[in-house]
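# Sharing a model that was predicted from the sequence below.
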Amino acid sequence: MVDEIQILKRALERERFSRKAAEEILEEKSAELYEAKRKLEESHNELLKLYGNASSQLQGVFENIVDPYVIMDLWGNPLKMNDAAIDLLDYEEANKKDSLLQFVNPEDLEIVTAAFKTLITKGSLTGFKLQLVTAKRLKKYVHINCSIIYEDGVAVAAQGVLRDITEEINYQKRIEGEREKYMNIINNMNLGLLEVNIKDEVLFVNQRFCKISGYSKEELLGKQAGELIPLSNDKETIKQENANRLLGESNSYEIKVLTKSGELRNWLISGAPNYNLKGEVIGSIGIHLDITDFRLLQSEKEKLLIELEKSNEELNEYAHIVSHDLKSPLRSINALISWIKEDNKDSFDHSTIKNFDLIEATLEKMEQLISNLLDYSSIGENNIEREMVDTNQLIKDLKKVLYVPKHITVHIKDTLPTVYADRIKLQQLFQNLISNAVKFNNKNKGVIEIGCEEQKERYQFSVSDNGIGIDPKYHEKIFKIFQSLSDDKESSGIGLSIVKKVVDLHSGKIWLESELDKGSTFYFTMKK
Amino acid sequence: MRSLKILLIEDDTIEVMKFNRVVDSLSLRHEVQISQNAEEALKYLNENDTLPDLILLDLNMPKINGLEFLKLLKNDARLRYMPTVILTTSNNQRDLKQCYKLGIGGYLLKPLKYEDYISKIEKLLAYWSINELIKV
């Protein structure tokens, strides 16, 4: 029993001891735990603080980010967007119930769907480009980088940073457009364009160049242009010109070429050096114009001119010969008539003598006609020799030579100018006008006045008389050749046509004012 | 005043008649030789030792024309000193210039009226009758 008690006692003792020890441990542990808890609390606070800072920092970043930033759920409904994004999409005016898909250009919907799948499976997507239509119906190109937001490993939302690249795209499109425009011009222009490198190897040709040379683009590219096309003589020219290009010189020159079909053509080439970005000559660009037809026309024109000159000369020569041939028989008839008259002085009656006189008068008229015709044809000669002519002096000299009856006065009304004209032709003009005025004057006191009015670019001369006048219905007709209004043997109807021809030769105009029996005034103009 | 030996080169018969008639009417007796064309005239000049004192030349002639004849004359050492007067219808400025360039003794335009012709020829012959002439 004692033993039992002893055993129990000892057991109790041990138990007490171990409990004490346990209590001590517990106490110690709980102190540690407390300490740990305190530390934990501390770090938790720290963490909270840190977290608060971080999220406010993030919030700041989010709000202040320049690029549009959007968070949306996986169905495309916006959860959050910054001001830049609101601006980009004109979101204030948008239907806020609809998803962001409302802003996708319908044509781009398919690529958006595909991009969305990539985003979900890969978790992120960069460099995605699409066209948006904003709430204000503005079309904008955007560039998007986006990623999925996970919560506990589960995709819950997506965030994306957008960039408006409309300007950039438009700019690129414009550049592309310009490029296309210039290529179009280059390809369709009427000038052949050839670009070669410094070895004279063809880098580029336009359609026109192919057309005028007869070679296709493929036949030309990489070939030595200067060896292929020019005639042998002009190959040197090309070499020389290419050397000039290397020195940075540009100029134009003409060469003869053989096209692929062996046709000989004349080309006008404008060559200019081609530089790289560093400013070094890397070749040359030539503009080629086929001037064969032009050259042909030119030489034809020259030939025609020479022929014209020749035929004019021949015509003039011819007029002289004809007039000689026509006048000779008249002279003979005249001589024969005077011999007949002389030999039969006593046997001819009065009326026969009178008839012979009439024959002589007719001969004279005939001769005058031939002379006038010759004058008219010589007036038309191309060789108009202009000089400064003082018309005042010209008229004064004319008055000395011309036959003016005593009852007629020729009066210079204004001081006449000095004009640049053919002296002899101008003299003939005045002579014809004045002698007409003298011839057709029926008044007791005839007055012929010569005047001139200075106008802006020309002088307007006038020769007026108080003679018989000309019916207005003849005013046009009188300037035509052989249109004489009188039966007078003196008037051949050629004087005024010569006058008109002279005025025409000096690029002037002629007209008249006249009243029957009161007189006429002839006006003509002459450039200063 | 001295009578002249005249060579008239003229292809027109009536012109020749006119000239002869005028010469015949003058008191001074001139000796007139007629050639109908230039070849005939050259033949005459080359075949005769004594040259005429005066040549009257029509410009408008068949084959060798007056200007060509004048050129031949002026290039010939023996014939070049003969005074040659042009008697023509042509008042072509170019002909006139050409003649003076080659060297002529005068240039007369044949008038239409016979009376005018008489007067011109009389004066012409009178002038040359009082001239001192070179004899080669």
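Happy to help now that I have it.
# Show me which residues of chain B sit near chain A.
B:12, B:14-15, B:17-18, B:21, B:60, B:88-90, B:92, B:95, B:110-115, B:117 (CB under 8 Å from any CB of the partner chain). The C-beta positions use only the backbone N, C-alpha and C, and glycine is treated the same way.
# Just the ones in helices from those residues, please.
B:I14, B:E15, B:M17, B:K18, B:R21, B:D95, B:Y114, B:E115, B:Y117 (DSSP state H).
# what's the farthest-apart pair in these?
Maximum pairwise distance among these (CB to CB): 26.8 Å, between B:R21 and B:D95.
# So if I had to pick from the two, which one is more boxed in?
B:D95 (20 against 16; other CB atoms under 10 Å in any protein chain shown).
# Now do the contacts for that one.
A:H320, B:L59, B:L67, B:T88 (CB atoms under 8 Å, 6 or more residues apart in numbering or on different chains).
# Now for A:L289: which residues touch it?
A:N190, A:L191, A:G192, A:W267, A:L268, A:I269.
# Test for you: state the pLDDT assigned to residue 76.
This is for chain A. What the model reports as pLDDT for A:G76 is 84.
# That was the other one, I meant chain B.
91.
# Just give me the neighbour total for it.
Neighbour tally, B:D76, other CB under 10 Å: 14.
# do you know how far it is from A:D390?
Distance of B:D76 to A:D390, computed by CB to CB, to the nearest Å: 47 Å.
# A:K129 belongs to a strand, doesn't it?
Yes: counting by DSSP: H, G, I helix; E, B strand; the rest coil, A:K129 is part of a strand.
# mind checking pLDDT for it?
With respect to pLDDT, A:K129 scores 89.
# For chain B, see how far away the nearest residue to it once chain neighbours are set aside is.
Distances taken as CB to CB, 6 or more residues apart in numbering or on different chains place A:H143 nearest to A:K129, at 5.4 Å, with adjacent residues excluded. According to CB to the nearest CB, to the nearest Å, A:H143 and chain B sit 90 Å apart.
# which phi and psi does A:H143 have?
The phi/psi pair for A:H143 (degrees, to the nearest 10) reads phi -120, psi 130.
# ok, what's across the strand from it?
Using DSSP bridges, the bridge partners assigned to A:H143 are A:K129, A:R163.
# do A:S270 as well
A:S252, A:I287.
# how deep is it tucked in, by neighbour count?
Using other CB under 10 Å, A:S270 is surrounded by 14 other residues.
# Repeat that for the one 4 residues further on.
Residue crowding around A:N274 was assessed by other CB under 10 Å; the count is 18.
# what sits against the nearest residue to it once chain neighbours are set aside?
Closest residue to A:N274 apart from its sequence neighbours, by CB to CB, 6+ apart: A:G283 at 4.6 Å. Contacts here follow CB under 8 Å, 6+ apart; on that basis A:G283 touches A:E195, A:V196, A:N197, A:I198, A:L203, A:R245, A:P273, A:N274.
# From the residues you listed, which land in helices?
Cross-referencing the contacts of A:G283 against helices under DSSP H gives A:R245.
# Who wins on neighbours among the contacts of A:G283?
Within the contacts of A:G283, neighbour counts (other CB under 10 Å) peak at A:V196, which reaches 26 neighbours.
# mind listing what that residue touches?
By CB under 8 Å, 6+ apart, A:V196 lies in contact with A:V202, A:L203, A:A225, A:N242, A:G283, A:S284, A:G286.
# Which of the residues you listed ranks first by neighbour count?
Among these, A:G286 has the most neighbours (other CB under 10 Å), with 25 neighbours.
# what about it, distance to chain B?
52 Å.
# per-residue confidence for that residue?
90.
# What of the one 5 residues further on?
In the prediction, the pLDDT value recorded for A:I291 is 90.
# ok, now A:N344?
pLDDT, read off for A:N344, is 91.
# sec struct for the residue nearest to the spatial centre of chain B, please.
In chain B, the centroid-proximal residue (CA atoms, centre = their mean) is B:L56; its distance is 0.6 Å. Recorded secondary structure, B:L56: strand (three-state DSSP).
# Bridged to it, which residues?
Here B:L56 sits in beta bridges with B:L8, B:V85, as judged by DSSP bridges.
# Give me the distance between it and B:D12.
13 Å.
# cool, and A:R137?
Going from A:R137 to B:D12 by CB to CB gives 105 Å.
# again, but for B:L67
18 Å.
# I'd assumed A:N355 was in a strand, is it?
No: per three-state DSSP, A:N355 lies outside any strand segment and is helix.
# Just list the residues touching it, thanks.
Under the criterion of CB under 8 Å, 6+ apart, A:N355 has no neighbours.
# what would the contacts of A:G283 look like in a markdown table with pLDDT and distance to A:H44?
A markdown table is the format used below for the contacts of A:G283 (pLDDT from 0 to 100; distance: CB to CB, whole Å):
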| residue | pLDDT | distance to A:H44 |
| --- | --- | --- |
| A:E195 | 90 | 75 |
| A:V196 | 89 | 79 |
| A:N197 | 89 | 75 |
| A:I198 | 85 | 77 |
| A:L203 | 90 | 74 |
| A:R245 | 83 | 81 |
| A:P273 | 89 | 77 |
| A:N274 | 88 | 74 |
